[in-house]
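Asks: Compute the structure for the input listed below.
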Amino acid sequence: MKNIVATLMAFCMVASPITAYADETEAPVVPDLRITGLSQGERAPFTGILLTPDALSKVENDAKLEISLLKTQHEFGIQRLQLKLDAEQALRSSEKKLHEDLFQSQLRRIESLEEIAINKRPDWVLPVAILTSFVVGSAVTVGITYAVNQ
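Replies: Here you go, the predicted structure:
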């Protein structure tokens with residue numbers, strides 16, 4: 001079944017030509033940035049918006065103020081992120097030191113317990129344990145032999 005579907009797909013791809021149509025590109029619109037001075041009563045040489053020097057200064061100052069505000073917000077955002085990063089690094093460092101201290105403390109505790117366990121057993125315990133085991137084993141053997149012979 002898969003071979004039939006694959007063959008059919010290959011045939012469809014070969015049989016139908018692939019065509020692509022490009023969109024017609026329009027010429028980019030170039031903004032009209034002409035500036036000219038006018039006297040009162042003089043006719044403007046083009047249509048558009050007429051600004052007084054004070055209005056133009058206000059527009060320019062508003063744009064500069066907005067750019068300055070955006071720069072300040074950007075710098076504030078960078079400083080806030082840097083402080084957050086520094087706080088996270090300090091937290092990570094303190095947690096790492098805490099875990100290292102806990103590990104060292106547990107290691108010292110284990111070593112002290114091992115030392116206590118090794119030094120706690122007196123020297124006479126091992127020979128007494130061996131002798132006791134031999135005596136108990138012999139008594140059990142004698143008891144079983146006596147019980148079987150009876």
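Asks: now the helices: where do they sit in this protein?
Replies: 2-15, 53-120, 125-149 (DSSP state H).
Asks: closest to residue 27 out of those?
Replies: Between residue 27 and those, the shortest separation by CB to CB is 28.3 Å, and it involves helix 53-120. (Glycine included, C-beta is placed from N, CA and C.)
Asks: Now mean pLDDT too, for the helices of the chain, in TSV please.
Replies: Below are those laid out as TSV (pLDDT from 0 to 100):
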stretch	mean pLDDT
helix 2-15	68
helix 53-120	93
helix 125-149	90
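Asks: could you redo the ones you listed as TSV and give each row mean neighbour count and distance to residue 28?
Replies: Converted to TSV, the helices of the chain look like this (neighbours: other CB atoms under 10 Å; distance: least, CB to CB, whole Å):
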stretch	mean neighbour count	distance to residue 28
helix 2-15	9	38
helix 53-120	10	24
helix 125-149	10	98
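Asks: among those helices, which is nearest residue 44?
Replies: helix 53-120 (14.9 Å).
Asks: What is the closest one packed up against?
Replies: In terms of contacts (3 or more CB pairs under 8 Å, 6 or more residues apart in numbering; DSSP states H and E), helix 53-120 is packed against no helix or strand at all.
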